[in-house]
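Enquirer: fold the following and give me the result.
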Amino acid sequence: MGVYLDRFCDDLPTRPIPANKILVTGATGYIGGELIPELMARGYQVRVMVRSYSPEHSIRWPGVEVVMADALDFESLNDALKGIHCAYYLLHSLHLGKKKFKHIDNQAATNFQKAASINNLKRIIYLGGLGNPEIPLSDHLRSRLMVADELRKGKTPVTFLRAAVIIGSDSASYKIIKHLVQNCPVFLFPQRANSNCQPIAIRDVIKYLVGSLENAKTTGETYDIGGPNVLTYQKMLKIQAKVLGKKRYFYPSFFSTINIYARITSMLTPVPFKLIKSLMESCVNDVVCQNKEIKKLIPFRPLTYKEALVKALNRESQRKVSYDEKTISSEMNSKTNKSKSLSPPSKSKGIWSDIRNFLLHKPETPTLIKFNSKGERENFSYRIAQRLDVSVFNYRILNIHKIGINAPAKYVFEELLKWNGDSSCWPNYIANVARRNDKLDSLSINLFGWAKYPSWLKNGLFGFKFIPLFKLNAINIQRTPDPLGADNARYLLYKCSGGYPIGVFTMYVRSSIEDQNEKEQAQLFLMVGFNFYGKEKWSEKKFINRTWEVIHDRVTSNVLNRVKQLSEWRFDKIQSG
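Expert: A predicted model of the protein is given here:
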């Protein structure tokens, strides 16, 4: 959200009530991120609730109070709601898949309404989904209604705004529609996709959210919000194709397996499979406004679907232009100051950009440590292995990469600890990272994010198990340096299993050593113990080693270069305030 972007609520007919302190949950999500600057521009005291601290929060929302809390942790949630007049409830767990999101969403809503009652909140404004509660609904839409019911069990009045597909530059629905049209020339449409939808522009959603806060008559009421057009999903894709100037072909299909459609869509778009599947399951239901009373209370002209698409496209272009201008300005200043401009690494937007960014791209800084002999490599590896307390002799090939980073070792390690598979530093669309039980000490790496596989593939193929890609179980996470060590070393050490042929994986950070001609503040190592399913002879094959070098080493080098870029950029931001 930059100053180059126009405000959504400048023509809103309601008036601000700036004396009230407002809490925004889901602040790091798309809708929360768009709502916060609108509230700030209208003079509100805003508190945002986030689950983990990041220095980017103070950069993104200067002057906003940031609190760390989790809706599943009642104590932290209760503290976050103290002194709040009205709270926006913008939380959901769709990315976890339907086996988990219903329970987690319900528990979060239960905690929230109890904490709101204890803290005497005057209002809760909740944004949920459209759908007729009198007929069978998808798990996603049914869960949105259940959350509203749970929030209403407390004494705090709940304003429930129900929306269908939201069109904005960073909304999941828009990303799916846009990237499908860009990347898929032919569409096979099942009968289920002929249901009706009433999409709404993000700016109109924000207007209704802010307008509901400023109009007391909306307190405790439920309203359907939508744009002026009622369309089928096929028609929505056709309009997007016209906006993008793409010729696309649409054919009917009797094939309607959601899993396969969702898998294909996840490969063509930057949206995770579980979220896509949850949204696609809702396509069987008509999501059209029935209650239109809010138009009388908060009157304005909503954007048509085509206008919303054009606005989203323009907003993307504005961001790119602004980013390019900042980059050019930084580069000009850097030439004057003889210093290198810093910027964050770009995020992948799907499988193809993962391939481009991590496999085809030539790394700026080579990272693979090359040795003159096998003995030299084993001696170097042995010295690291001693620090890690792991036997080096269990792994016949030890692959070690190293890169210098201009940031303290402690800060670099903190970046590793809070990393969650973000696509800026990892090919997360090809090799999706999932924290099992939301813990860093237990990770699964799933090919294309697939967590379920056919039994014939899961049980092995030609005697080898390829699924999952690999699992990492922590042997040790050294969060603080050894008091006897002089290099501030910290590390993550995992035992690995699965289809990818490695047995041990570590990311090791230490302060630079001047005697070794290391000029940066810290050194980051990534080391794996390579094990071809116990087949020692394979490690001696030139073809095997060459294949490993082409794929693994190229990806690893790009990962480390991107971690370096991200760490240096963020540390520079902190230093510059």
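
Enquirer: any idea how far the most centrally placed residue in the chain lies from Thr25?
Expert: The structure's the chain has its C-alpha centroid closest to Asp422; by C-alpha atoms, centre = their mean the separation is 6.3 Å. In this view, Asp422 and Thr25 are 21 Å apart by C-beta to C-beta, to the nearest Å. No exception for glycine: its C-beta is placed from N, CA and C like everyone else's.

Enquirer: Glu415 too?
Expert: Taken as C-beta to C-beta, the span from Glu415 to Thr25 is 25 Å.

Enquirer: for these two, indicate the residue with more neighbours.
Expert: Thr25 (24 against 18; other C-beta atoms under 10 Å).

Enquirer: report the mean confidence score over the helix or strand where Val563 lies.
Expert: Using DSSP states H and E, Val563 maps to helix 554-575. Averaged across helix 554-575, pLDDT comes to 88.

Enquirer: ok so Phe300 is a helix residue?
Expert: No. Under DSSP: H, G, I helix; E, B strand; the rest coil, Phe300 sits outside any helix and is assigned coil.

Enquirer: residue contacts, it?
Expert: Phe300 makes contact with 11-13, 204, 207, according to C-beta atoms under 8 Å, 6 or more residues apart in numbering.

Enquirer: doesn't Arg315 fall inside a helix?
Expert: Yes. Counting by three-state DSSP, Arg315 is part of a helix.

Enquirer: just use 50 as the starting number from now, easier for me
Expert: Happy to do that; since the first residue is 50 now, the last one works out to Arg364.

Enquirer: secondary structure class for the nearest residue to it once chain neighbours are set aside?
Expert: Distance criterion C-beta to C-beta, 6 or more residues apart in numbering; nearest residue to Arg364, sequence neighbours excluded, is Ser218 at 4.2 Å. For Ser218, the assignment made with three-state DSSP gives coil.

Enquirer: for the contacts of Phe349, which one is nearest Asn421?
Expert: Asp253 (65.6 Å; C-beta to C-beta).

Enquirer: how about the nearest residue to the closest one, chain neighbours excluded?
Expert: Pro351 (4.5 Å).

Enquirer: over to Lys296?
Expert: Nearest residue to Lys296, sequence neighbours excluded (C-beta to C-beta, 6+ apart): Ala290, at 7.2 Å.

Enquirer: likewise for Ala120?
Expert: Ala157 (3.7 Å).

Enquirer: surely that neighbour meets Asp122?
Expert: No. Using C-beta atoms under 8 Å, Ala157 is not in contact with Asp122, being 9.9 Å away.

Enquirer: neighbour-wise, which of the two wins?
Expert: Ala157 (23 against 15).

Enquirer: OK, contacts around the more buried one?
Expert: 120-121, 140, 142, 196.

Enquirer: what's the helix or strand where Lys227 lies in contact with?
Expert: Here Lys227, judged by DSSP H and E, is contained in helix 221-232. For helix 221-232, contacts defined as C-beta under 8 Å, 6+ apart pick out 79, 214-217, 236, 248, 285-286, 289-290, 293, 295, 297, 314, 317-320, 324-325, 328, 358, 361-362, 398-399, 401.

Enquirer: next: stretch 448-456.
Expert: 414, 416-418, 426, 429-430, 433, 461, 561, 567-577, 579, 597, 601-602, 605-606, 609-610, 612-613, 616-617, 619-620.

Enquirer: repeat that with 7 Å
Expert: Residues outside stretch 448-456 that contact it (C-beta atoms under 7 Å, 6 or more residues apart in numbering) are 414, 416-418, 430, 461, 561, 567-577, 579, 601, 605-606, 609-610, 613, 616-617, 620.

Enquirer: of these, buried ones?
Expert: 416-418, 430, 461, 561, 569-577, 579, 601, 605-606, 609-610, 613, 616-617, 620 (16 or more other C-beta atoms under 10 Å).

Enquirer: how about low-confidence regions in the stretch 450-599 of the chain?
Expert: Applying pLDDT under 70 to the stretch 450-599 of the chain flags residues 469-470, 498-517, 532-535, 547-550, 579-598.

Enquirer: do that again at 90, thanks
Expert: Along the stretch 450-599 of the chain, segments meeting pLDDT under 90 span 450, 457-557, 559-570, 574-599.

Enquirer: between the host helix or strand of Glu83 and helix 221-232, how many degrees?
Expert: Assessed by DSSP H and E, Glu83 sits inside helix 79-90. Helix 79-90 runs at 120 degrees relative to helix 221-232, counting by axes from the mean of the first three to the mean of the last three C-alpha atoms, to 10 degrees.

Enquirer: okay, buried residues for helix 79-90 please.
Expert: 79-89.

Enquirer: so which of the residues you listed comes closest to Asn69?
Expert: So of these, ranked by how close each gets to Asn69 (C-beta to C-beta), first place is Leu88, at 10.2 Å.

Enquirer: let me see the contact set for that closest one.
Expert: If you count contacts by C-beta under 7 Å, 6+ apart, Leu88 has them with 71, 95, 259.

Enquirer: ok but the first one is inside a helix, no?
Expert: No. In this structure, Ile71 is strand, not part of a helix, as judged by three-state DSSP.

Enquirer: contacts only, for it.
Expert: 88, 93-95, 134-135.

Enquirer: including pLDDT, secondary structure and distance to Phe407, could those residues go into JSON lines?
Expert: Below are the contacts of Ile71 laid out as JSON lines (pLDDT from 0 to 100; DSSP: H, G, I helix; E, B strand; the rest coil; distance: C-beta to C-beta, whole Å):
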{"residue": "Leu88", "pLDDT": "94", "secondary structure": "helix", "distance to Phe407": "38"}
{"residue": "Tyr93", "pLDDT": "93", "secondary structure": "coil", "distance to Phe407": "42"}
{"residue": "Gln94", "pLDDT": "93", "secondary structure": "strand", "distance to Phe407": "43"}
{"residue": "Val95", "pLDDT": "94", "secondary structure": "strand", "distance to Phe407": "38"}
{"residue": "His134", "pLDDT": "95", "secondary structure": "coil", "distance to Phe407": "47"}
{"residue": "Cys135", "pLDDT": "96", "secondary structure": "strand", "distance to Phe407": "44"}
